[in-house]
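1. Task: produce atomic coordinates for the following.
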Amino acid sequence: MPGIDFDLDFEEVNVTIRDNKDGTEHRYVLREFDGAGRDMYLNAMGKKMRHDATGKPAGLKDYNEIQALLICRCMFPFGEKAAVDIGWVQTLPSRKLQLIFKECQRICGLDDEAEVAAKKN
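-> Here you go, the predicted model:
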């Protein structure tokens with residue numbers, strides 16, 4: 001009989017950000033959500049959804065902080081328990097923000113591949 005076999009380790013990804021102005025490097029870690037963190041994020045995103053006349057999702061009504069909401073719940077200064085501030089996340093260059101966002105989606109099972117796998121099961 002097929003089964004599911006896994007450990008309880010949360011996936012983590014190290015991130016180093018270099019400040020080109022003074023050459024300092026800042027270390028962070030992206031941490032996979034637990035169930036409560038995932039629910040909080042999905043509830044926040046649900047509030048940004050627009051719905052059609054039948055109640056089905058029909059896109060977003062608000063794009064403010066759309067990527068930063070995920071990042072600030074997953075990204076922690078190395079060795080610290082408090083996540084980064086959403087205001088700081090919003091100051092990152094957009095291409096770098098996109099890169100971090102995609103990695104947060106992947107480790108939290110929120111990317112397109114996770115959605116396709118869920119539909120198959």
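2. low-scoring stretches of this protein, by residue?
-> The chain contains residues with pLDDT under 70 at 113-121.
3. can you give me the strands for the protein?
-> Assigned strands in the chain, in chain order: 12-18, 25-31, 49-51, 57-60, 75-77 (criterion: DSSP state E).
4. quick one, phi psi at the residue nearest to Phe33 when sequence neighbours are not counted?
-> Distances taken as C-beta to C-beta, 6 or more residues apart in numbering place Cys108 nearest to Phe33, at 4.7 Å, with adjacent residues excluded. The way it works is simple: take the backbone N, C-alpha and C, and place the C-beta from them, glycine included. With angles defined as degrees, to the nearest 10, Cys108 sits at phi -100, psi 0.
5. The closest residue to Met75 other than its chain neighbours and Phe6: what is the separation?
-> With sequence-adjacent residues excluded and distances taken as C-beta to C-beta, 6+ apart, Met75 is closest to Val84, at 4.8 Å. Distance of Val84 to Phe6, computed by C-beta to C-beta, to the nearest Å: 28 Å.
6. check contacts around Cys97.
-> Careful, residue 97 is Leu; it's not Cys. Listed by C-beta atoms under 8 Å, 6 or more residues apart in numbering, the contact partners of Leu97 are 67-68, 71, 89.
7. what do you get for Pro57?
-> Counting by C-beta under 8 Å, 6+ apart, Pro57 has contacts 49-51.
8. Now restrict those to buried residues only.
-> Buried members of the contacts of Pro57, scored by 16 or more other C-beta atoms under 10 Å: none.
9. As JSON lines, the residues you listed with distance to Val13 would be great.
-> JSON lines is the format used below for these (distance: C-beta to C-beta, whole Å):
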{"residue": "Met49", "distance to Val13": "28"}
{"residue": "Arg50", "distance to Val13": "32"}
{"residue": "His51", "distance to Val13": "34"}
